[in-house]
Structures are given as structure tokens and as C-alpha cells.
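Undergrad: Provided below for reference: sequence and predicted model.
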Amino acid sequence: MSANPTRLDYDFEELFVGAIKGWAVGSACFVAWALSTPCACELGLVGTIVVFEIALSLWFLGAVVVLGVPCFELLRRLRVQGSAGAWFVVGFAVFGFGVAAFSVFVKKDVALAEGWLLVGLAAISGGFTFFFARKQAAE
């Protein structure tokens, strides 16, 4: 099979560079949300941000391993040549629906309002993870 120079080759290094950038975007969104929401907790605003950021970072790491790696491998094997915006939509959907499905699986009586922050942050972080991974592969 001959190599086609117009096709991009994807490596997992692009995924992990994209994951770091996606994590940073998701963290910035969480901090913006935390600063715009009144805090009535014992840890104070900074303590709350630190504690929840650690928990969200661990969640995101798990989502990258469980959702991001298989999806990226599938896109890599299919050699999908879509734009970075299309990859954003794929990452947004995979991470958003994946975390929502996991939340429903763990808590079978999830109310509609519960978990939207977590699902939204996962979707944004996942979207930007795939966006930056695609951009990195194009460079």
C-alpha cells in the first residue's frame, strides 16, 4: 500500500498534548463558574476550587483513558480528515454523552438538574482535547 502524502498520520502524542490543553480549558471554565457562583462552604472559595479541581482532574484523566483513547484510536484507524471543528464536535459528544451515561449508570435516580456542570465541563474539555489533537497532527 503506498503512502498518501495528503493524509495526516495521527500519533497518541497528539492526543495527550490535546488532553493537557483540553484539561486547561475545562479548568478555566470551572474556575470561571466557581467565581461567578456564591460559595457558602467551609473551605472558602480557594479551598473549594482546589478540592473540586483535583476531583475534576482525576475524572478527566479517567475519561481520557476510557473514552478518549478508544475514540482517538478509531478516528486514527479510519484516518478521518475532518476539520478541527468536526473533531471538536466528536470530542464534545463522546465526552459529554459518556460522562452523562456513566452518571446515570452509577446513580440510577439522577435528577435532570444534577450533574449538568460535570457533563458540561467534560464535553467542553473533550471537545477541546480532540480539537487540539487534530490541530497538533496538522502541524
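TA: Sure thing, it's come through.
Undergrad: tell me which helix or strand of the protein sits lowest on mean pLDDT?
TA: The least trusted helix or strand in the chain, going by mean pLDDT, DSSP states H and E, turns out to be helix 69-78, with a mean of 81.
Undergrad: by contact count, what packs against the very next helix or strand once past it?
TA: Stepping forward along the backbone from helix 69-78, the first helix or strand reached (DSSP states H and E) is helix 84-106. For helix 84-106, the contact count by 3 or more Cβ pairs under 8 Å, 6 or more residues apart in numbering; DSSP states H and E identifies helix 44-63, helix 69-78, helix 116-138 as packing neighbours. Backbone N, C-alpha and C define where each C-beta goes, glycine included.
Undergrad: flag every buried residue along the least confident helix or strand of the chain.
TA: For helix 69-78, the neighbour count (16 or more other Cβ atoms under 10 Å) marks 71-72, 75-76 as buried.
Undergrad: repeat for stretch 24-34
TA: Counting neighbours by 16+ other Cβ under 10 Å, one finds that the buried residues in stretch 24-34 are 25-27, 29-30, 34.
Undergrad: which one of the residues you listed is nearest to residue 61?
TA: Of all the buried residues of stretch 24-34, the one sitting nearest residue 61 is residue 26; the distance, using Cβ to Cβ, is 11.5 Å.
Undergrad: from the buried residues of stretch 24-34, which land in strands?
TA: Of the positions in the buried residues of stretch 24-34, not one sits in strands, assigned by DSSP state E.
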